[in-house]
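[1] model this:
(one chain, ligands or ions: 2)
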Amino acid sequence: MFEKSLLAHKRILVTGGGSGLGAAMSHRFAELGAELLICGRRSATLDETAAQLRAAYNAKVHTFACDIRDANAVADMMAAIWQDGPLDILVNNAAATFIAQSEHLSARAADAILAPTLHGAMYCTLEAGRRWIESDHNGVVLSILSTSTITGRAFTMPSAMAKSALLAMTKSLAVEWGPKGVRLVAIAPGPFPTPGATGQLHPEGRDSGPAARNPLGRVGEHSELANLASFLISDQAGYINGEMVVQDGGAHLRSSGAEDLLHWTDTQWAAQRTARAKS
Ligand SMILES: CCCCCCC/C=C/C(=O)SCCNC(=O)CCNC(=O)[C@H](O)C(C)(C)COP(=O)(O)OP(=O)(O)OC[C@H]1O[C@@H](n2cnc3c(N)ncnc32)[C@H](O)[C@@H]1OP(=O)(O)O
Ligand SMILES: NC(=O)C1=CN([C@@H]2O[C@H](COP(=O)(O)OP(=O)(O)OC[C@H]3O[C@@H](n4cnc5c(N)ncnc54)[C@H](OP(=O)(O)O)[C@@H]3O)[C@@H](O)[C@H]2O)C=CC1
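    Ligands and ions are numbered 1, 2, ... in the order given. Below is the predicted model:
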């Protein structure tokens with residue numbers, strides 16, 4: 001669907017690029033010609049993904065064991081990246097969440113979500129943006145958010161807060177940094193099963209509903225998210241700034257309060273029409 005060279009000569013940092021959706025995006029970006037820089041806390045996971053990217057696409061790949069909750073570690077990573085040349089694109093993908101009743105969250109538990117998801121992404125954005133602006137180099141920031149930015153989300157309140165704050169960052173900096181050559185965009189994915197998300201959000205005993213409840217009757221495929229991300233970070237999307245694209249099969253639109261009607265049978269609808277005709 002894209003020219004093979006869509007992302008040629010682009011140096012892209014994907015936070016959390018070693019696993020899940022971050023790895024899926026990294027594969028697609030490498031296939032489209034990009035040089036990949038991936039970070040995460042687990043070196044072994046990063047090394048495994050890097051080896052796959054090199055073998056599959058002959059891609060140039062660098063790994064950084066970096067905990068993005070640590071502002072100094074992020075600054076050191078960015079300094080190391082810039083030693084080999086400027087980054088072109090930052091993908092804020094790393095995040096954490098779990099389901100819990102909010103009244104039972106300790107401060108440490110809430111911070112365990114806010115620190116990587118909000119603060120980590122903000123540290124990465126500020127470190128990259130500062131360098132782009134200082135050197136008059138164009139840059140793009142893509143943040144992977146969630147439809148909780150639109151609906152809120154019960155039982156994952158800190159994640160919904162963090163993602164909403166990152167949407168505010170995307171819109172704010174689109175205006176502030178747009179004139180300086182830095183473009184910010186976001187994706188709000190619906191359910192795209194990954195071991196990380198399933199492990200945290202769908203423990204045994206929870207219904208396996210996301211596919212059944214989705215208007216399209218299925219969950220997302222990693223390649224679909226990777227393709228949208230590739231377009232949004234490419235020069236082809238150069239006039240899109242400050243926007244969040246929802247990619248959820250229409251799932252968030254079902255929270256209008258009429259969802260039960262989706263389960264009505266033809267007989268029930270026929271009875272409704274008859275009752276109305278009589279009245
Ligand atoms: C239909 C749409 C789909 C919904 C989409 C939702 C959008 C977001 C999705 C995602 O982000 S998916 C990605 C999920 N992946 C991850 O979370 C991977 C990264 N995860 C982690 O690093 C950890 O799992 C963690 C849960 C963040 C914990 O990391 P950390 O090492 O910092 O925590 P701890 O030191 O172990 O604990 C700190 C604190 O938190 C409490 N806690 C930990 N886990 C839970 C839990 N499952 N439930 C409740 N509380 C938890 C823990 O008890 C500690 O608190 P205190 O006991 O010390 O008070
Ligand atoms: N999958 C889904 O259905 C949905 C996902 N999303 C969003 O998509 C993105 C990817 O999610 P998904 O692939 O499912 O999740 P995963 O759990 O598979 O991936 C999370 C990645 O983030 C990295 N990470 C977590 N904490 C840190 C940290 N402190 N420092 C550096 N890296 C860190 C992890 O690496 P490591 O553990 O090695 O540090 C891991 O590679 C997230 O932003 C998530 O919120 C949004 C909506 C739905």
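[2] contacting residues around I12?
    I12 makes contact with F29, A34, E35, L36, L37, L87, D88, I89, L90, V91, I233, according to Cβ atoms under 8 Å, 6 or more residues apart in numbering. Using the backbone N, CA and C atoms, a C-beta is placed for each residue, glycine as well.
[3] tell me the predicted confidence for the third one.
    If you check E35, the pLDDT there is 98.
[4] ranges for the helices of the stretch 101-250 of the chain?
    When assigned using DSSP state H, counting those that start in this stretch, the helices of the stretch 101-250 of the chain occupy the ranges 107-114, 121-134, 148-151, 157-177, 195-201, 210-213, 222-233.
[5] flag every buried residue along the last one.
    The reference is to helix 222-233. H222, L225, A226, N227, L228, A229, S230, L232, I233 (16 or more other Cβ atoms under 10 Å).
[6] and those residues, which is closest to ligand 1?
    Nearest to ligand 1 among those, counting by Cβ to the nearest ligand atom, is L225 at 12.4 Å.
[7] help me confirm that that closest one comes into contact with P189.
    Yes: L225 is within contact range of P189, at 5.7 Å (criterion: Cβ atoms under 8 Å).
[8] give the other helices and strands that the longest strand along the chain contacts.
    Scanning the chain for the strand with the most residues, using DSSP state E, yields strand 182-189. Here strand 182-189 touches helix 121-134, strand 139-144, helix 157-177, helix 222-233, strand 244-247, going by 3 or more Cβ pairs under 8 Å, 6 or more residues apart in numbering; DSSP states H and E.
[9] that one and ligand 1, are they touching?
    No: Strand 182-189 lies out of reach of ligand 1 by Cβ under 6 Å from any ligand atom, never closer than 7.3 Å.
[10] swap in stretch 163-171?
    No: interface with ligand 1: stretch 163-171 contributes nothing (Cβ under 6 Å from any ligand atom), its closest point being 6.6 Å away.
[11] close to ligand 1: what parts of the stretch 51-200 of the chain are there?
    Taking Cβ under 6 Å from any ligand atom, the part of the stretch 51-200 of the chain that reaches ligand 1 is made up of 95-98, 100, 106, 108-109, 112, 146, 156, 159, 190-191, 196-197, 200.
[12] can I have the buried ones of those residues as a ChimeraX selection?
    In ChimeraX, this line selects whichever of these come out buried by 16+ other Cβ under 10 Å:
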select :95,96,97,98,100,112,146,156,159,190,191,196,197,200
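[13] any weak-confidence spans in the protein?
    For the chain, the stretches with pLDDT under 70 are 205, 207-208, 256-260.
[14] kindly report the residues of it close to ligand 2.
    15-16, 18-22, 39-42, 45, 67-69, 93-96, 116, 120, 144, 146, 189, 191-192, 194, 196-197.
[15] excluding chain neighbours, what is closest to the residue in the stretch 101-250 of the chain that ligand 2 sits nearest to?
    Proximity of the stretch 101-250 of the chain to ligand 2 (Cβ to the nearest ligand atom) peaks at G196, 1.9 Å away. Nearest residue to G196, sequence neighbours excluded (Cβ to Cβ, 6 or more residues apart in numbering): G20, at 4.9 Å.
[16] residue contacts, I144?
    L21, V91, N92, N93, A95, A186, I187, P189, A229.
[17] wasn't L90 part of a helix?
    No: under DSSP: H, G, I helix; E, B strand; the rest coil, L90 sits outside any helix and is assigned strand.
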